[in-house]
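Participant: Generate coordinates for the sequence data below:
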Amino acid sequence: MWLNEEQVIDSAIGAYREYLLNSIPNHIVIDNLFDIATLDEVLGVLHQAYCWQTQKHTYSALYVDSGQWQNTSNDERFVKRDVWQREALSASATNLNIAQEFLSFLRGDEFMTLLSRIFNVPLTDINVAKPEVNTNYFRLSASDFVNQHADDSPGRVVCMLLYLNREWNNNAGGELVFMGKDDEPIDIAPLYNRCVLFDPSSPGSEHWVKEVTAENTNKYRYNVTSWYWSE
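Facilitator: Numbers count the residues shown, from 1 in each chain. Below you'll find the model as predicted:
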């Protein structure tokens, strides 16, 4: 239902693995990994105005409130974006189930086994206190930002980003940028059904997001972010 089967055959996984090992940072970009028709249903849910809440992080503390944010200097602020709220779903909101089901799939055995094959490392949530908070939808507007940071928490071995932006304007900004090697950053456009997988402990994996430009889009930049741990 969720995966594009042509992209997960053995030869494709072997190619992903080879590219991953020979890139700096260790990363792979896979276009059309997921079934387009099903992602379209998910996107229809995300375009609804409710179920979103602003999230703010500083370099010294995550999930800060408005008071803490106002007392933090601009150079200490590294994330301002909207996060999707599962708790906002009502029991009768059956049309939203597809978005929740996709998040569950990304933390399920089938997808985690696929990632394990690509990265050649066993993945498990057995020691993760709240696995569900490590896979969610985010959106950025022109007033939001994700500044330079690393995702290399202890035991975290895979990070996944999936972009959900139909007909994204090439001049709209929003590119993911890896620090890369020898002052040669790597820019990745947030195109629809583009999946970026990377090892957060590999050299050059610190990253940020280029500003979304209001002049070229009146839309949000949507993505799924998911983090995975080894045994």
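
Participant: Leaving aside the residues adjacent along the chain, what's closest to Val45?
Facilitator: Ala99 (4.1 Å; C-beta to C-beta, 6 or more residues apart in numbering). All C-beta atoms are positioned from the backbone trio N, CA, C, and that covers glycine.

Participant: Contact partners for that neighbour?
Facilitator: 42, 45-46, 84, 137 (C-beta atoms under 8 Å, 6 or more residues apart in numbering).

Participant: Mind doing that once more with 7 Å?
Facilitator: 42, 45-46 (C-beta atoms under 7 Å, 6 or more residues apart in numbering).

Participant: ok but it is inside a helix, no?
Facilitator: Yes: under DSSP: H, G, I helix; E, B strand; the rest coil, Ala99 sits within a helix.

Participant: Tell me how far it lies from Leu161.
Facilitator: 17 Å (C-beta to C-beta, to the nearest Å).

Participant: again, but for Asp65
Facilitator: 27 Å.

Participant: These two: which is more packed in?
Facilitator: Neighbour count, other C-beta atoms under 10 Å: between Asp65 and Leu161, Leu161 has more, with 21 against 9.

Participant: Count the neighbours of the closest residue to the more buried one other than its chain neighbours for me.
Facilitator: Counting by C-beta to C-beta, 6+ apart, Leu161 lies nearest to Val196, which is 4.4 Å off, once chain neighbours are set aside. Counted with other C-beta under 10 Å, residues neighbouring Val196 total 20.

Participant: I'd say Val196 and Leu33 touch.
Facilitator: No: contact criterion C-beta atoms under 7 Å: Val196 and Leu33 do not qualify, at 10.2 Å.

Participant: Give me the distance between the residue nearest to Val45 and Lys219.
Facilitator: Taking C-beta to C-beta, one finds Ala99 at 18 Å from Lys219.

Participant: Over to Glu41?
Facilitator: 18 Å.

Participant: who's more crowded, those two?
Facilitator: Ranked by neighbour count (other C-beta under 10 Å), Glu41 and Lys219 place Lys219 first, with 18 against 15.

Participant: quick one: that one and Glu167, what's the gap?
Facilitator: Relative to Glu167, and taking C-beta to C-beta, Lys219 is found at 9 Å.

Participant: For burial, what's the neighbour tally of Gly173?
Facilitator: Considering only other C-beta under 10 Å, Gly173 is surrounded by 21 other residues.

Participant: Quickly note the distance from it to Leu21.
Facilitator: Counting by C-beta to C-beta, the gap from Gly173 to Leu21 is 31 Å.
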